[in-house]
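Enquirer: coordinates only, no sequence provided:
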C-alpha cells in the first residue's frame, strides 16, 4: 500500500506530471495510429479493364446509392423514365424492357408512380441491394473495400490505448484528491480530450481500403476525358453511365442531361438572386422611408414656401437605403 501511495509517479510534482502525461498520451496516440490496420497500403493496383462495368465502379464509389443513380439515369437515357423538375416519372410510352440489364429491369418494375428525385434514389437503392452483394464480394476479393475485420482490430487498439491514458490519469487523480489537492481540472481535461480524440481516430472508417481509394483515383484520371465528351461530343449510353459511375451526378452539369443533375442539386441563377435582393431592398427602403415621406407632406401644397421646405426636406431621398427607391425625393412623396 505504501508503494502505491509513494512512488516516482505518485510523488511527482503537478506540472512535471502533466508534462510526463502529455508525453505518454502522445506516444500512445502515435503507436495506435501505426497499429491501425490496412494491409493494402503497399499493394499494386489491379489493371483497368478496357470496358469496365459501370455498376461495379458505382458500387466502389458510392455503394448502393451509386448503383441506383446509374440505373435510374440509364432508364432516363433509354426513354423509360423522364425528369420533370424535381421529380422522376415514368415515360408515357416506354420501349420494351427485354433488352434492359437485370438491375434496370428491377428498378423500372418497382417504379410505379411519380416521386421526387431523392425518393426515387432511395427506392432504387433498396431494389438493387441483392445485386450489390455480388459486386461487394468481387471488390472485397480484390481488397478494394475496407474489411470489417480490420475495423474490429482498430477498435481494440483504440480501447487499449484509451485504457492506458485513463489508468495513468485516473491514478494520479486519486493520489491528488487523497492529498487534498483539488486543482485537477487540467489533468481531467487532458485525459478526456485525448481519449475522445483517440477513439475518433480508430473508429474513423471509409468503405474503401487504401488500395480502393488509389484505384478509384486512377479510374478518374484514366477516364477524365469522358467528362468533356459528354458535354461537347456525341457520347454513347455506356459513356454516360461510366461518367455517372466514376464522377457522380455532378458530372452531368452542363450536359444535355443537365435536368437530372438539377433534380438533385437546386441551382439559383445570378439574375434571380439579384432580383430577389433588389426586391427585398426596395421593400425595406419603402418601409424605412415611409415616416419621413409622410412628415414631408408640405411638399404637396405647391407654394414657393413649401418648395423651399421641400428642398430642405431632401432627407426623404437620403433616408432611403437604396437611393432612387423613394421615388425621386420629396417630389415622389408628394405625388
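Expert: Received it, and whenever you're ready, just let me know what you need. Just so we're clear, the structure is a prediction, and the values are computed from it rather than from any experiment. Numbers count the residues shown, from 1 in each chain.
Enquirer: okay, now the unreliable bits of the stretch 1-150 of the chain?
Expert: When residues are selected by pLDDT under 70, those of the stretch 1-150 of the chain lie in 1.
Enquirer: so which residues of it form strands?
Expert: 81-84, 87-90, 115-116 (DSSP state E, counting those that start in this stretch).
Enquirer: mean neighbour count added to the ones you listed, as JSON lines?
Expert: The C-beta positions use only the backbone N, C-alpha and C, and glycine is treated the same way. Output for the strands of the stretch 1-150 of the chain, formatted as JSON lines (neighbours: other C-beta atoms under 10 Å):
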{"stretch": "strand 81-84", "mean neighbour count": "18"}
{"stretch": "strand 87-90", "mean neighbour count": "17"}
{"stretch": "strand 115-116", "mean neighbour count": "14"}
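Enquirer: now the ones you listed in TSV, with distance to residue 263?
Expert: TSV is the format used below for the strands of the stretch 1-150 of the chain (distance: least, C-beta to C-beta, whole Å):
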stretch	distance to residue 263
strand 81-84	5
strand 87-90	7
strand 115-116	8
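Enquirer: of all the ones you listed, which lies closest to residue 237?
Expert: For these, distance to residue 237 was read as C-beta to C-beta. The smallest value, 13.6 Å, belongs to strand 81-84.
Enquirer: what's that closest one in contact with?
Expert: The contact list for strand 81-84, computed with C-beta atoms under 8 Å, 6 or more residues apart in numbering, reads 72, 75-76, 88-91, 94, 108, 111, 114, 117, 259-260, 263.
Enquirer: who wins for most neighbours among these?
Expert: Of all those, the most densely surrounded is residue 72 (28 neighbours; neighbours counted as other C-beta atoms under 10 Å).
Enquirer: that one against residue 119, yeah?
Expert: No - Residue 72 is not in contact with residue 119 according to C-beta atoms under 8 Å; the separation is 11.3 Å.
Enquirer: so who does residue 43 touch?
Expert: Residues near residue 43 by C-beta under 8 Å, 6+ apart: 143, 211.
Enquirer: any idea how far residue 214 is from it?
Expert: Counting by C-beta to C-beta, to the nearest Å, the separation of residue 43 from residue 214 is 9 Å.
Enquirer: repeat for residue 242
Expert: Separation of residue 242 from residue 214 (C-beta to C-beta): 19 Å.
Enquirer: same deal with residue 166?
Expert: Spatial separation of residue 166 from residue 214 under the definition C-beta to C-beta is 36 Å.
Enquirer: so these two - more neighbours on which side?
Expert: Relative neighbour count places residue 214 above the other of residue 166 and residue 214, with 17 against 14, counting by other C-beta under 10 Å.
Enquirer: just the pLDDT for the more buried one.
Expert: In the predicted model, residue 214 carries a pLDDT score of 95.
Enquirer: count the neighbours of residue 137 for me.
Expert: The criterion is other C-beta under 10 Å. On that basis, residue 137 has 11 neighbouring residues.
Enquirer: sorry, wrong one. I was asking about residue 9.
Expert: If we define neighbours as other C-beta under 10 Å, then residue 9 has 12 of them.
Enquirer: same thing with residue 200?
Expert: 10.
Enquirer: show the average pLDDT along the helix or strand harbouring it.
Expert: Using DSSP states H and E, the element containing residue 200 is helix 185-203. When the per-residue pLDDT values of helix 185-203 are averaged, the result is 94.
Enquirer: buried set for the next helix-or-strand element following it?
Expert: From helix 185-203 onward toward the C-terminus, using DSSP H and E, the following helix or strand is helix 210-222. If you call a residue buried by 16 or more other C-beta atoms under 10 Å, then helix 210-222 has these buried ones: 210, 211, 212, 213, 214, 215, 216, 219.
Enquirer: so which bits of the helix or strand that comes right after helix 210-222 are buried?
Expert: Reading on from helix 210-222 to the C-terminus, the next helix or strand found by DSSP H and E is helix 225-232. Of all the residues in helix 225-232, those buried under the rule 16+ other C-beta under 10 Å are 226, 227, 229, 230, 231.
Enquirer: next: stretch 4-23.
Expert: Within stretch 4-23, judged by 16+ other C-beta under 10 Å, the buried ones are 10, 12, 17, 21.
Enquirer: what does stretch 118-127 give?
Expert: 120, 121, 123, 124, 125, 127.
Enquirer: show me the contacts for the residue nearest to the fourth one when sequence neighbours are not counted.
Expert: With C-beta to C-beta, 6 or more residues apart in numbering as the criterion, residue 124 has its nearest non-adjacent residue at 3.5 Å, and that residue is residue 68. Residues counted as contacts of residue 68 (C-beta under 8 Å, 6+ apart) are 107, 121, 124, 125, 127, 128.
Enquirer: try 7 Å
Expert: By C-beta atoms under 7 Å, 6 or more residues apart in numbering, the contact list for residue 68 reads 121, 124, 125, 128.
Enquirer: quick check, nearest of those residues to residue 155?
Expert: For the contacts of residue 68, with residue 155 as the reference and C-beta to C-beta as the criterion, the closest is residue 125, at 27.4 Å.
Enquirer: let me know whether that closest one touches residue 62 as I believe.
Expert: No - taking C-beta atoms under 7 Å as the definition, residue 125 is not a contact partner of residue 62, at 9.8 Å.
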